[in-house]
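Visitor: Fold the following for me, if possible:
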Amino acid sequence: MGNLTAVPTLRRTPKVSNSNARQSTVSSVTNGRSLPLPRHETYVVHHNLSSSLDSSLWIAIKNRRKYTPKTNRIKTTRYNIITFLPKNLFEQFHRVANVYFAILIGLNWVPIINAISRNVILFYFCRSQAVAAGDFAVDRFECLRRLLLVHGAWCFTRTSELILYTFMHNCSYVFVIFYHQLFNGFSGAVTLHSLSITGDGMGSLIAMIIERCQTSLAKRLSYTDELQATVMEVKAIGGLGTTIDVVLVNGHLRVGDTIIVAGQEGPIVTQIRGLLMPEPNRELRVRNQYQNYKTVKAARGIKIAAKDLEKSMAGLPLFVGRRDDETEYFKNEIQNILKTALSSIKLKENGVHVQASTLGSLEALLEFLKTSNIPYAGINIGPVHRKDIIRASTQLERDPQWAVILAFDVRIERDAQEHADTVGVKIFQADIIYHLFDMFIAHRERIKKENQEKYRHLAVFPCKLRVLPQYIFNSRDPIICGVLIEDGFVKLGTPICVPSKEFIELGRIVSIELNHKPLDVARKGSEVCIKIEPISGEAPKMFGRHFDENDLLMSKISRESIDIVKDHFRDDMQKSDWQLMIELKKIFNIL
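Guide: Here you go, the predicted structure:
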């Protein structure tokens with residue numbers, strides 16, 4: 001026997017005025033129970049879905065687009081494999097699948113859904129999604145009642161469109177994933193589809209991540225006898241001396257083993273005197289009562305007590321030499337590791353010198369300086385020695401602001417501090433990176449202000465002035481007149497000349513006033529009164545004889561003044577000022 005389904009046609013019946021008129025029912029579908037159906041529509045019961053094109057089912061499918069109701073779906077544009085299929089093929093598939101999958105999923109016909117997923121869909125989770133969609137439609141049919149009611153009438157068009165949209169969304173998603181994996185040799189990561197709105201699939205997602213970690217990290221998580229250990233910290237503990245905290249990843253350590261660790265002056269070879277670990281459920285870095293062990297097997301965090309560990313370096317591996325040839329090999333290996341790590345850091349010709357306690361802290365500090373646009377010309381690991389001061393003092397000849405040592409979490413030797421005070425190298429020491437940064441910025445600002453005060457009388461800024469003839473207050477010794485600043489800016493002490501009169505020099509500006517108020521700087525577009533004092537030892541120049549209102553007055557620049565402005569007064573200049581500087585260089589023939 002075939003299944004029975006009630007499909008609404010779009011034929012409208014006249015409105016019945018009699019309130020006691022009998023309502024249409026479909027008792028065949030409801031096992032004899034009579035359920036009222038909305039008026040104004042005719043419901044036809046189809047048995048085994050007749051294939052005739054004249055049936056009311058196909059008429060409903062053909063005409064359903066004329067009565068498409070408004071939905072609350074978000075319209076989006078998707079570009080995938082389905083997008084590039086022929087339009088007519090997609091429309092045919094749309095019309096057939098619209099009803100077929102509505103029937104299957106609406107009736108929760110699990111065997112057919114499983115058969116389709118095995119023969120058509122290539123991924124297992126799509127079958128699960130189809131079954132879950134059927135369960136969702138059946139279990140929550142009452143919740144979809146509002147969606148199915150349009151102006152008090154049942155609307156199965158919305159249901160069919162919703163089901164088709166869900167199917168096409170999943171189908172296109174599977175096609176895109178298959179296309180991607182096909183052209184990548186099926187070597188990509190496992191993809192899991194989840195619904196973020198309701199949270200469905202989150203458990204599967206977490207399970208997939210755990211399974212992925214266990215499969216991809218299986219080799220790294222498995223234990224091996226080959227020793228793998230890293231020195232994390234160097235500490236001095238009362239009664240034990242200098243110890244090192246080690247993370248033992250693989251292998252084992254025994255008391256009496258010969259270990260090789262990196263040191264500030266080269267590899268350190270020593271023997272283990274004690275293997276210490278805190279009590280269970282206690283941290284290694286907190287002061288506790290330690291327990292001694294003869295042998296320790298990975299994976300553990302342990303504290304090693306041995307001789308000559310005062311100059312050992314953290315952040316590098318620890319090796320065990322069973323024989324003399326192994327000891328020599330691991331000594332060279334540690335030197336190569338440290339040399340490779342330091343040589344990979346690109347240094348600048350001008351910059352600060354950086355010292356850190358470990359390789360990791362050094363890399364962190366250098367990364368911070370790089371993001372802060374602070375160049376570094378020298379690096380080292382360990383305490384600051386006299387040789388580090390000598391290396392940093394080379395910056396005194398190039399630029400004194402870079403003659404600085406940034407010491408992060410390291411101590412400073414006494415002879416190094418005395419030599420730094422003698423030659424003028426600044427040492428900033430701190431245990432926090434930001435404190436070092438603040439110290440250096442304050443030092444650089446102080447150096448900048450000192451240099452500005454030192455070279456202020458030699459700095460000449462570009463300006464172009466036009467004399468206002470109606471504001472000539474004094475034509476000679478000193479010249480007091482009103483000017484319009486056509487370009488650049490005027491500062492006190494700027495030397496003024498007249499290029500159109502064979503570069504005749506008038507003197508220096510000693511006063512600038514605007515509305516009887518003195519100014520230090522006047523910018524482009526301002527009309528100000530200036531006072532020009534003549535150059536000592538030369539005859540004073542006169543307005544009207546040596547120059548007039550048709551001549552432009554310009555600041556007299558030189559190669560030395562340009563370099564001083566570049567080095568110490570760059571922040572005072574704007575882009576238009578630099579353009580005027582280039583123009584004046586051409587006028588004065590400065591290379």
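Visitor: what ranges do the strands span in the stretch 301-450 of the chain?
Guide: 317-320, 352-356, 376-381, 404-408, 426-430 (DSSP state E, counting those that start in this stretch).
Visitor: Redo the ones you listed as JSON lines? Include mean neighbour count, mean pLDDT and distance to residue 271.
Guide: Glycine gets a C-beta too; all of them are placed from N, C-alpha and C. Shown next, in JSON lines, are these (neighbours: other Cβ atoms under 10 Å; pLDDT from 0 to 100; distance: least, Cβ to Cβ, whole Å):
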{"stretch": "strand 317-320", "mean neighbour count": "20", "mean pLDDT": "90", "distance to residue 271": "10"}
{"stretch": "strand 352-356", "mean neighbour count": "25", "mean pLDDT": "90", "distance to residue 271": "28"}
{"stretch": "strand 376-381", "mean neighbour count": "20", "mean pLDDT": "86", "distance to residue 271": "24"}
{"stretch": "strand 404-408", "mean neighbour count": "24", "mean pLDDT": "91", "distance to residue 271": "32"}
{"stretch": "strand 426-430", "mean neighbour count": "18", "mean pLDDT": "91", "distance to residue 271": "34"}
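Visitor: Adding distance to residue 278, write these out as JSON lines.
Guide: As requested, the strands of the stretch 301-450 of the chain are exported to JSON lines (distance: least, Cβ to Cβ, whole Å):
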{"stretch": "strand 317-320", "distance to residue 278": "20"}
{"stretch": "strand 352-356", "distance to residue 278": "28"}
{"stretch": "strand 376-381", "distance to residue 278": "28"}
{"stretch": "strand 404-408", "distance to residue 278": "28"}
{"stretch": "strand 426-430", "distance to residue 278": "30"}
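Visitor: Residue 510 - nearest residue in space that isn't next to it in sequence?
Guide: residue 533 (4.8 Å; Cβ to Cβ, 6 or more residues apart in numbering).
Visitor: again but with residue 430, I slipped
Guide: Per Cβ to Cβ, 6+ apart, closest to residue 430 is residue 436, 4.8 Å.
Visitor: Contact partners for that neighbour?
Guide: Contacts for residue 436 (Cβ atoms under 8 Å, 6 or more residues apart in numbering) come out as 365, 406, 407, 408, 428, 430.
Visitor: ok, back up a step: which strand residues bridge the residue nearest to residue 510?
Guide: The partner list for residue 533 in beta bridges (DSSP bridges) reads residue 508.
Visitor: What residues sit buried inside stretch 266-283?
Guide: By 16 or more other Cβ atoms under 10 Å, the buried positions in stretch 266-283 come out as 267, 268, 269, 270, 272, 273, 274, 275, 276, 277, 278.
Visitor: for stretch 545-558, same thing?
Guide: Residues of stretch 545-558 classed as buried: 546, 547, 551, 553, 554, 555, 556, 557 (neighbour count, 16+ other Cβ under 10 Å).
Visitor: Next, the residues that contact stretch 569-584 from outside, please.
Guide: Against stretch 569-584 from outside (Cβ under 8 Å, 6+ apart): 452, 459, 461-464, 487-489, 524, 554-555, 557, 562, 565, 590.
Visitor: Can you tell me the element residue 582 falls in?
Guide: Using DSSP states H and E, residue 582 maps to helix 575-587.
Visitor: Put the alpha carbons of stretch 516-527 into CSV.
Guide: The C-alpha coordinates for stretch 516-527 follow below in CSV (Å, rounded to 0.1, in the frame of the first residue of the first chain):
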residue,chain,number,x,y,z
HIS,A,516,51.3,94.0,19.6
LYS,A,517,51.9,90.5,21.1
PRO,A,518,55.4,88.9,20.8
LEU,A,519,55.6,85.5,19.0
ASP,A,520,58.3,82.9,18.7
VAL,A,521,56.9,81.2,15.6
ALA,A,522,54.6,82.5,12.8
ARG,A,523,53.1,80.1,10.2
LYS,A,524,52.1,80.4,6.6
GLY,A,525,49.3,82.9,5.8
SER,A,526,50.0,85.1,8.8
GLU,A,527,50.6,88.9,8.5
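Visitor: mind listing what's buried in it?
Guide: For stretch 516-527, a neighbour-count test (16+ other Cβ under 10 Å) marks 519, 522, 524 as buried.
Visitor: Could you tell me which of those residues are located in strands?
Guide: residue 522 (DSSP state E).
Visitor: Let me have the buried residues of stretch 516-527 in TSV, extended by pLDDT and distance to residue 575.
Guide: Below are the buried residues of stretch 516-527 laid out as TSV (pLDDT from 0 to 100; distance: Cβ to Cβ, whole Å):
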residue	pLDDT	distance to residue 575
519	91	23
522	92	19
524	90	12
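Visitor: Now tabulate the buried residues of stretch 516-527 in TSV and tack on distance to residue 380.
Guide: Converted to TSV, the buried residues of stretch 516-527 look like this (distance: Cβ to Cβ, whole Å):
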residue	distance to residue 380
519	51
522	50
524	50
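Visitor: Looking at the buried residues of stretch 516-527, spot the one nearest residue 539.
Guide: For the buried residues of stretch 516-527, the closest approach to residue 539 (Cβ to Cβ) belongs to residue 522, at 27.9 Å.
Visitor: What's the separation between that closest one and residue 475?
Guide: Separation of residue 522 from residue 475 (Cβ to Cβ, to the nearest Å) stands at 21 Å.
Visitor: What values do phi and psi take at residue 457?
Guide: phi -70, psi -10 (degrees, to the nearest 10).
Visitor: Grab the nearest non-local neighbour of it.
Guide: residue 493 (6.3 Å).
Visitor: swap in residue 342?
Guide: Residue 342 sits nearest to residue 379 (Cβ to Cβ, 6+ apart), 6.5 Å away.
Visitor: try residue 521
Guide: Per Cβ to Cβ, 6+ apart, closest to residue 521 is residue 491, 5.4 Å.
Visitor: Could you do residue 477 as well?
Guide: Nearest to residue 477 is residue 540, by Cβ to Cβ, 6+ apart, at 3.8 Å.
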